[in-house]
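**Student:** sequence first, then the predicted structure, then my questions.
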Amino acid sequence: MSENTPSDLPGWTPGDEGFDPDSLDRQGSDGSTMLADLHRLLIESVRDYAIFALDKTGHILTWNPGAQRFKGYTADEIIGQHFSVFYPPEDIATRKPWWELEVAEEEGRFEDEGWRLRKDGTRFWANVVITALRGEGGELVGFAKVTRDLTERRAGELRAVEDARRLAAEETGRVMAEERATELAELNERLRVQAEELDQRKREAEEANRMKSEFLAAMSHELRTPLNAIGGYAELLAMGVHGPITPGQKSALERVQRNQQHLLGLINDILNFSRLEAGEVTYARDPVPLRESIAAAAQMVAVSAERKGVEMEVREGPGVAALADGPKVEQILLNLLSNAIKFTESGGRITLEHQAEGDRVRILVRDTGIGIPADQIDQVFEPFVQVGRSLTHPAEGTGLGLAISRELARAMGGDLTVRSEEGTGSVFTVTLPRATD
C-alpha cells in the first residue's frame with residue numbers, strides 16, 4: 001500500500017479530499033461488503049482489459065492483472081496514486097483527467113480514445129470507459145475504469161488509411177496518365193497533320209522557287225542578248241566604224257554604254273542569284289593568294305572610286321592564301337567594293353586589308369559611308385533589299401549583291417558579316433578557310 005499523502009499524489013489540488021488508505025478500515029461491515037463486491041466483480045483473471053476502481057477524487061483503489069499486464073505497474077506500486085499518472089503531459093496541461101471524472105459523474109459514463117502512458121513512459125492507444133459508482137441512496141462512492149489497449153488496431157487502421165491513400169493516389173495517377181496519354185495522342189495527331197501540311201507547303205514553295213528561278217534565268221538570257229548587241233553597236237559607233245561622229249554624239253554613246261553596262265550588271269546579278277538558288281553553281285577548292293585577289297578587285301573599281309572622289313587604300317597584309325574558288329572570291333570583293341563606293345560620299349575613304357587567325361583568313365572592307373541603322377543590320381543580306389535606298393539616297397541596283405556574296409562565302413566554308421554605325425561607316429568581313437602552306 002502506498003504511503004503517499006494527498007499533496008504527493010499526481011494531479012492533487014487544494015480542495016481534493018485525497019485518498020486515505022485507513023478509511024478502508026473505518027468503513028465497517030457495509031464498506032467491507034462493498035469492497036468485497038468490487039473485488040469480486042473487478043479483480044478477477046481478466047488480462048485483456050485494465051479494470052480498476054477509483055475513489056471519488058480519482059485515486060486508484062483496486063488493480064487487476066490486465067491492468068498490470070499492459071500498464072506495467074504492480075498493485076503495490078499504483079494503488080493510492082491518482083489515475084492522471086496514465087495521461088501524457090498535454091492532457092495534464094488541459095486537466096483532461098479531472099474533466100473526464102466530471103463528465104462521468106454528471107452523465108454516469110464517459111468514453112474516450114487517446115494516448116496513455118505505461119510505467120516505462122511509452123505510449124499506447126487506449127479505449128477508456130469510466131463509469132460512476134453510486135451507493136443505495138444515489139450518492140457517488142467512486143468510479144470504475146476499464147481500459148483496453150488498441151495500439152495494434154489503430155496501427156492497422158492507419159495502415160488501412162495509408163493503403164487507401166496510396167491506392168487513391170495510384171488510381172489518380174493512372175487516370176491522369178490515361179488522360180495525358182489521350183492528350184499526347186491527340187497532340188501527336190495534330191502535329192502529324194501539321195507536318196503533312198508543312199511538307200505540302202514546302203513542296204509548293206520549292207516548286208514555286210524552281211519556277212521562279214527558271215523564269216529569272218530565262219528572262220536574264222533573253223535580256224542579255226539584246227543588251228550585248230546594244231553594247232556592241234555602241235562600241236562600233238564610238239570607234240567610227242560607220243563614219244566620223246561629233247563630240248556630242250560621242251558623249252551620248254558613252255551614256256548609252258554606261259547604262260548598257262549597268263543593266264547588264266543587274267541582269268547578271270539576277271542570273272547569278274537564280275543559279276545559286278537552283279544549286280547550279282560549282283566551286284573549286286584551290287589556294288587563292290589574298291594579296292592578288294584584293295589587288296585585282298581594287299583595280300577593277302579604281303576608276304569608279306576616282307570618278308566619285310572616294311579614296312581607296314589597300315593595306316599590306318600577310319602572304320596567306322584562302323582555300324576557295326578564286327573567281328568567286330574576286331566576285332565577292334567586287335560586290336563589296338562597289339557597294340562601298342555607292343554608299344560613300346565624295347571625300348570618303350575605303351580601306352582593304354586581310355588577316356590570318358588560326359585556320360581562318362579574313363578580308364575586311366571598311367568605308368566611311370552613310371552606315372546602316374541598327375534596326376536594319378539583319379536585313380542587308382536579304383535578297384532584293386536595299387537598306388540605303390531612299391529619296392535622299394536613291395541607290396541603284398537590285399539589292400542582290402550582298403545576298404549573293406554571303407551565299408558564295410558560305411558555300412566555300414566561310415561567311416560574310418557586317419558591323420556598322422549609322423553616319424560613321426561600315427566594316428564588311430569575309431571569312432574563309434585558310435589554305436595550308
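**Tutor:** Sure, I can see it. Numbers count the residues shown, from 1 in each chain.
**Student:** for stretch 312-329, which outside residues touch it?
**Tutor:** With Cβ atoms under 8 Å, 6 or more residues apart in numbering as the test, stretch 312-329 has contacts from 283-291, 293-295, 298, 301-302, 305, 337, 349-356, 361, 408, 412-414, 430, 432-435. The way it works is simple: take the backbone N, C-alpha and C, and place the C-beta from them, glycine included.
**Student:** which parts of the stretch 51-200 of the chain are helices?
**Tutor:** Under the criterion DSSP state H, counting those that start in this stretch, the stretch 51-200 of the chain carries helices at the ranges 65-71, 75-78, 89-93, 96-107, 151-239.
**Student:** quick one: neighbours of Arg360, just the number.
**Tutor:** Here the count is done by other Cβ atoms under 10 Å, and Arg360 has 15 residues near it.
**Student:** can you check the one 4 residues further on too?
**Tutor:** Taking other Cβ under 10 Å as the neighbour definition, Leu364 ends up with a count of 17.
**Student:** list the buried ones in stretch 154-167?
**Tutor:** Neighbour-count burial for stretch 154-167, with 16 or more other Cβ atoms under 10 Å as criterion, is recorded at Arg154.
**Student:** extract the CA atoms of it and return them as PDB.
**Tutor:** Taking C-alpha atoms only, stretch 154-167 is exported to PDB below (Å, rounded to 0.1, in the frame of the first residue of the first chain):
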ATOM      1  CA  ARG A 154      -5.000   1.800 -34.500                       C
ATOM      2  CA  ALA A 155      -1.800   0.900 -36.400                       C
ATOM      3  CA  GLY A 156      -3.900  -1.400 -38.600                       C
ATOM      4  CA  GLU A 157      -6.400   1.400 -39.200                       C
ATOM      5  CA  LEU A 158      -3.600   3.800 -40.000                       C
ATOM      6  CA  ARG A 159      -2.100   1.300 -42.400                       C
ATOM      7  CA  ALA A 160      -5.500   0.800 -44.000                       C
ATOM      8  CA  VAL A 161      -5.900   4.600 -44.400                       C
ATOM      9  CA  GLU A 162      -2.400   4.800 -45.800                       C
ATOM     10  CA  ASP A 163      -3.100   2.000 -48.200                       C
ATOM     11  CA  ALA A 164      -6.400   3.600 -49.200                       C
ATOM     12  CA  ARG A 165      -4.500   6.900 -49.800                       C
ATOM     13  CA  ARG A 166      -1.800   5.100 -51.800                       C
ATOM     14  CA  LEU A 167      -4.400   3.200 -53.900                       C
END
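**Student:** what's the average pLDDT for it?
**Tutor:** Within the predicted structure, the mean pLDDT of stretch 154-167 is 81.
**Student:** check stretch 366-384 too.
**Tutor:** The predicted model assigns stretch 366-384 a mean pLDDT of 85.
**Student:** low-confidence ranges, the stretch 251-400 of the chain, go.
**Tutor:** 262, 264-280, 384-399 (pLDDT under 70).
**Student:** show the contacting residues for the nearest residue to Gly348 once chain neighbours are set aside.
**Tutor:** Leaving aside its chain neighbours, Gly348 sits nearest to Thr368 (4.4 Å; criterion: Cβ to Cβ, 6 or more residues apart in numbering). For Thr368, the contacting residues are Thr344, Gly348, Arg349, Ile350, Thr424, Gly425, by Cβ under 8 Å, 6+ apart.
**Student:** kindly recompute the last result at 10 Å.
**Tutor:** Going by Cβ atoms under 10 Å, 6 or more residues apart in numbering, Thr368 touches 310-311, 340, 343-345, 347-351, 423-426.
**Student:** just Gly240 next, same as before
**Tutor:** Contact analysis of Gly240 by Cβ under 10 Å, 6+ apart lists Lys250.
**Student:** tell me the spacing between it and Gln249.
**Tutor:** As judged by Cβ to Cβ, to the nearest Å, Gly240 and Gln249 stand 10 Å apart.
**Student:** ditto for Glu178
**Tutor:** From Glu178 over to Gln249 (counting by Cβ to Cβ), the distance is 90 Å.
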